[in-house]
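**Student:** 3D model of this:
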Amino acid sequence: MFGLTQLGVIHTAVSLIAVGAGLVALFRDKEISPRNGVGKIYIIATILTCLTGFGIFQHGGFGKPHALGIITLVVLGVAYVAGYTKLYGRLSPYIETVGYSSTFLFHLIPGVTETTTRLPLGAPLLPGPEAPALQAATAVLGVLFLIGAALQVRRLRARLGRPAT
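**Tutor:** Okay, here's the model as predicted:
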């Protein structure tokens with residue numbers, strides 16, 4: 001289906017669950033938090049997305065998507081530690097919130113890449129992952145992330161009553 005292996009289908013389905021949960025969390029709660037159900041679903045689905053992604057080698061061996069999976073797992077770990085310890089001091093709530101949000105960006109980059117280079121079947125929108133239009137789309141996602149992260153930091157500052165620095 002869509003040129004995907006069975007593992008690819010599972011990986012895609014789990015990643016869509018993660019993205020859906022992330023969207024709900026970000027729009028409803030303005031953050032992804034492991035302290036509520038939708039946040040837990042997001043985090044578990046994100047971990048499963050990374051783990052299933054490690055078994056996909058459509059373009060040869062270990063590549064950029066695998067590296068992004070490792071980075072995502074590390075950032076999830078940092079965000080979790082920030083949320084449940086005071087290891088990062090007063091920066092902990094900021095690191096937790098922006099960390100989880102950055103993992104959402106990490107879903108979007110390969111999601112947009114795979115979608116635009118595979119669909120529609122037989123005549124994908126873009127010829128490959130190096131297409132200038134895809135690089136521009138990734139840059140737009142990066143800017144949107146920075147705007148969202150700035151808004152989250154601003155919201156946390158107001159709620160916590162202290163600066164992020």
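
**Student:** ok now stretch 56-66, how far from the chain's centre?
**Tutor:** Offset of stretch 56-66 from its chain centre (C-alpha atoms, centre = their mean, to the nearest Å): 18 Å.

**Student:** Quick check: buried residues in it?
**Tutor:** By neighbour count on 16 or more other C-beta atoms under 10 Å, the buried set for stretch 56-66 is Ile56, Pro65, His66. Any C-beta I mention is one placed from the backbone N, CA and C, and that applies to glycine too.

**Student:** first vs last residue of that stretch, how far apart are they?
**Tutor:** 9 Å (C-alpha to C-alpha, to the nearest Å).

**Student:** For stretch 96-110, list the C-alpha coordinates in CSV.
**Tutor:** Provided in CSV are the C-alpha atoms of stretch 96-110 (Å, rounded to 0.1, in the frame of the first residue of the first chain):
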residue,chain,number,x,y,z
GLU,A,96,9.8,20.3,29.1
THR,A,97,7.3,22.4,27.1
VAL,A,98,9.6,23.4,24.2
GLY,A,99,11.2,19.9,24.2
TYR,A,100,7.8,18.1,23.7
SER,A,101,6.8,20.7,21.0
SER,A,102,10.1,20.2,19.2
THR,A,103,9.3,16.5,18.9
PHE,A,104,6.1,17.5,17.2
LEU,A,105,8.2,19.4,14.6
PHE,A,106,10.3,16.2,14.2
HIS,A,107,7.1,14.3,13.2
LEU,A,108,6.1,17.0,10.7
ILE,A,109,9.4,17.1,8.8
PRO,A,110,9.5,13.4,7.7
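
**Student:** which residues sit in contact with the residue nearest the centre of the chain?
**Tutor:** In the chain, the residue lying closest to the centroid (C-alpha atoms, centre = their mean) is Phe104, at 2.5 Å. With contact set as C-beta atoms under 8 Å, 6 or more residues apart in numbering, Phe104 has these partners: Val19, Gly22, Leu26, Ile32, Tyr42, Phe145.
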